[in-house]
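Enquirer: The following block contains a protein sequence and its predicted model.
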Amino acid sequence: MSTWWNRNALLAIKEGAKQSSERLECPPRDRSLFHDWSAGRRIVTGLLCGLLVANAPPVSWCTRCGSFGVEQAGLDSHAGLAAVAAGETISAADGFVSLFDGKSLAGWTGAKDAYGVEDGAIVCRPGTSGNLFTEKEYGDFIFRFEFKLTEGANNGIGIRCPLRPQGNLHLDGIELQILDHRAAKYANIKPYQFHGSVYGIAAAKREFLKPNGEWNRQEITVRGRRIQIVLNGSTIVDVDLDEATKNGTLDGAEHPGLKRARGHIGFLGHGDRVEFRAIAVKEL
């Protein structure tokens, strides 16, 4: 019978590993969502996104990047690690389901030609446009993911969206900004256009993005008429849609998408390179 460890338990084990376990260094090419050590033991890393990992001890940790691993029989290859990403050895006890298998766009639909998979991440290809959606629709949920920006990059998270591979969805769905708003070309954008904002509806708090090229962690909770967004541990949006729009929208436009109770979750590309990984959802 498997023993399941939550994130806090794994972090505690990690601290103990620094004192007692064999110290290994993972190959640079594997330093993405998972790390693959090859020192006579089969290891898969604990996920920092809050998902659970089976059979935690014994533990090793990477001296280069600080990631920690747990032994898991039968997982000594990238194929095995992809299986973990797909949820085959990730517990569903906390209700989260992985939406990305680490190697393909299985489970996604829409403008798949505008997105690809590189080094365990979904990548919006530069010079393309289009929206990539979950095949399934969601109403109330928690959506967790990590993302990495490039200079001036623009993308978006669509929630409760209709299945529309091309075109803007900030009106007919709900768009949450993914944006390197620090770039000079965005010096004059509106408050509701900064990263994390509910486009046209609610402005996000700023200054919580990590430097370009580093991974950010974001969690979006959608429950009824309320949206909460946490970026790198800080709440940047906590808004009631009805309260926010009782005197009209910030952009002055009609947003029929606000009335939708269900729809697809999507990445809304605008032709810039943005990477996504550790993608999971929990229905509420």
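Expert: Perfect, I can see it now. Residues are numbered from 1 along each chain as shown.

Enquirer: hang on, residue 116 in a helix?
Expert: No: secondary structure of residue 116 (DSSP: H, G, I helix; E, B strand; the rest coil): strand, not part of a helix.

Enquirer: Would you check that it makes contact with residue 132?
Expert: No: Residue 116 is beyond contact range of residue 132, at 10.3 Å (criterion: C-beta atoms under 8 Å). Every residue, glycine included, has its C-beta placed from N, CA and C.

Enquirer: Residues in contact with both of the two, list them for me.
Expert: Residues touching both residue 116 and residue 132 (C-beta atoms under 8 Å, 6 or more residues apart in numbering): residue 122.

Enquirer: So between those two, which is more surrounded?
Expert: Between residue 116 and residue 132, counting by other C-beta atoms under 10 Å, residue 132 is the more crowded of the two (24 against 14).

Enquirer: Hmm, the more buried one is touching residue 113, no?
Expert: No: using C-beta under 8 Å, residue 132 is not in contact with residue 113, being 9.9 Å away.

Enquirer: list the buried ones in stretch 128-147?
Expert: Buried residues in stretch 128-147, defined by neighbour count with 16 or more other C-beta atoms under 10 Å: 128-134, 137-138, 141-147.

Enquirer: send the alpha carbons of it over as CSV?
Expert: Extracted in CSV, the C-alpha atoms of stretch 128-147 (Å, rounded to 0.1, in the frame of the first residue of the first chain):
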residue,chain,number,x,y,z
THR,A,128,1.6,32.5,-33.9
SER,A,129,-1.7,33.3,-32.4
GLY,A,130,-4.6,31.3,-31.1
ASN,A,131,-6.2,29.8,-28.0
LEU,A,132,-5.4,26.3,-26.5
PHE,A,133,-8.2,24.9,-24.4
THR,A,134,-8.9,22.0,-22.0
GLU,A,135,-11.2,19.5,-23.7
LYS,A,136,-13.4,19.5,-20.6
GLU,A,137,-15.5,22.4,-19.4
TYR,A,138,-15.3,23.7,-15.8
GLY,A,139,-17.5,25.8,-13.6
ASP,A,140,-16.1,26.3,-10.1
PHE,A,141,-12.5,25.2,-9.7
ILE,A,142,-8.9,25.8,-8.5
PHE,A,143,-6.4,26.0,-11.4
ARG,A,144,-2.7,25.8,-10.6
PHE,A,145,0.2,26.2,-13.0
GLU,A,146,3.7,27.6,-13.4
PHE,A,147,4.7,29.9,-16.2
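
Enquirer: I'd like the average pLDDT over it.
Expert: Average pLDDT, stretch 128-147: 95.

Enquirer: Need the nearest residue in space to residue 172, chain neighbours excluded.
Expert: Nearest residue to residue 172, sequence neighbours excluded (C-beta to C-beta, 6 or more residues apart in numbering): residue 257, at 4.7 Å.
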